[in-house]
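Asks: I would like the atomic coordinates for the input below:
(one chain, ligands or ions: 3)
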Amino acid sequence: MPTPANLPVSITITRPDDWHLHLRDGAVLADVLPHTARQFARAIVMPNLKPPVTTTEQAAAYRARILAALPAGLQFEPLMTLYLTDNTPADEIRRAKDSGFIHALKLYPAGATTNSDAGVTDLTKCYKTLEVMQELGLPLLVHGEVTDPAVDVFDREAVFIERVMQPLRQALPELKVVFEHITTREAADYVAAADRFVGATITAHHLLYNRNEIFKGGIRPHYYCLPILKREEHRLALVKAATSGSAKFFLGTDSAPHPKGLKEHACGCAGCYTALHALELYTQAFDAAGALDKLEAFASFNGPAFYGLPRNAGSVTLTREAWTLPVELPFGETSLVPLNAGETIAWKLA
Ligand SMILES: NC(=O)N[C@@H](CC(=O)O)C(=O)O
Ligand SMILES: [Zn+2]
Ligand SMILES: [Zn+2]
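Replies: Ligands and ions are numbered 1, 2, ... in the order given. The predicted structure follows:
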């Protein structure tokens, strides 16, 4: 189809980063890492391995395995994180900061999501440790959902704001906090109204889809992730936040690979694999909002500013050029189904 004359046919932006990524470990690393490294110069690497990455020593070893899996010719810097537990000692925070390669700690409320069993049972238990993070300027990244089974799964993020976020920010007002993968109007409003110590990542899939997508013509497990897709009004609030020009919102794909057999399953895993085409999906979302001019700050400037890191050198170009995604990808001994498998999308990374 010819492109109408008034639509931009390409966009060039400073090389972006992914501020929320799951790379997993072992043989599959080499299958997923090149997808990310092709688009992004750096990524905040999530620590929810089995067992979780809880010490600086473990993070150093994991970082070395990531770099060893990087194909020659690709430049990529993994920004490591530690998994916060009820017992993370203050000394571990100092070691993490001194390492130079650990950029944050991650809060998984115990039981909230994939590999969160070793997560925090009550955040107030961690306040002493968080105080040291505040002092050293090491951000806390939060999976912002309560785990109370009495709370409806669609309300868990909004309730987290009241039950965890507000008391935390009251107790430690200068602790840098990233509200990860926000999915609701409540979270977008909360972050927009907060001071400079709070930021948020937004995924491409939460910008593009509402919860209807999970149930279109039958149950579609590849659209199941946590926090779960919400109503259209929430998607619109996320698009508004991402395209607002506010420096508090930045790109975080939450690309989360799971083997095909565990997604297409009676009790399927949560997580969408978008690393293959993330930048194209974000471009599509910003284009649909008429806000391509806001993509660069969201993808390439706001994240480094929040983390106190320099912007990347170099650039990437996307063209309005339709291409069809593979139906599956290699994933160690098994296979991986990307989000939008077999579908044609409108933008292509050059
Ligand atoms: N987002 C997801 O649905 N899953 C993530 C975990 C997470 O980010 O919560 C995963 O590790 O699979
Ligand atoms: Zn999460
Ligand atoms: Zn995640």
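
Asks: Please enumerate residues in contact with whichever helix or strand Val32 is part of?
Replies: Here Val32 is covered by helix 29-39, with elements defined by DSSP states H and E. Residues outside helix 29-39 that contact it (CB atoms under 8 Å, 6 or more residues apart in numbering) are 16, 18, 21, 23-24, 43, 65-66, 69-71, 74-76, 255, 257, 273, 275-276, 278-279, 316, 329-332, 336, 349. All C-beta spots, glycine's among them, are computed from the backbone N, C-alpha and C.

Asks: Can you measure across stretch 150-165, start residue to end residue?
Replies: End-to-end distance of stretch 150-165 (CA to CA, to the nearest Å): 19 Å.

Asks: buried stuff in that stretch?
Replies: Within stretch 150-165, the residues that count as buried by 16 or more other CB atoms under 10 Å are Val151, Phe154, Arg156, Glu157, Ala158, Val159, Phe160, Ile161, Val164, Met165.

Asks: Could you export those residues as a markdown table, including pLDDT, secondary structure and distance to Val120?
Replies: Formatted as a markdown table, those follow (pLDDT from 0 to 100; DSSP: H, G, I helix; E, B strand; the rest coil; distance: CB to CB, whole Å):
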| residue | pLDDT | secondary structure | distance to Val120 |
| --- | --- | --- | --- |
| Val151 | 98 | coil | 17 |
| Phe154 | 98 | coil | 23 |
| Arg156 | 98 | helix | 15 |
| Glu157 | 98 | helix | 17 |
| Ala158 | 98 | helix | 20 |
| Val159 | 98 | helix | 16 |
| Phe160 | 98 | helix | 12 |
| Ile161 | 98 | helix | 17 |
| Val164 | 98 | helix | 10 |
| Met165 | 98 | helix | 14 |
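
Asks: Relative to ligand 2, which of the residues you listed is nearest.
Replies: Among these, Glu157 lies closest to ligand 2 (CB to the ion), at 10.4 Å.

Asks: Might one say that that closest one is in contact with Ile228?
Replies: No. The pair Glu157 / Ile228 is not scored as a contact, 9.3 Å apart, by CB atoms under 8 Å.
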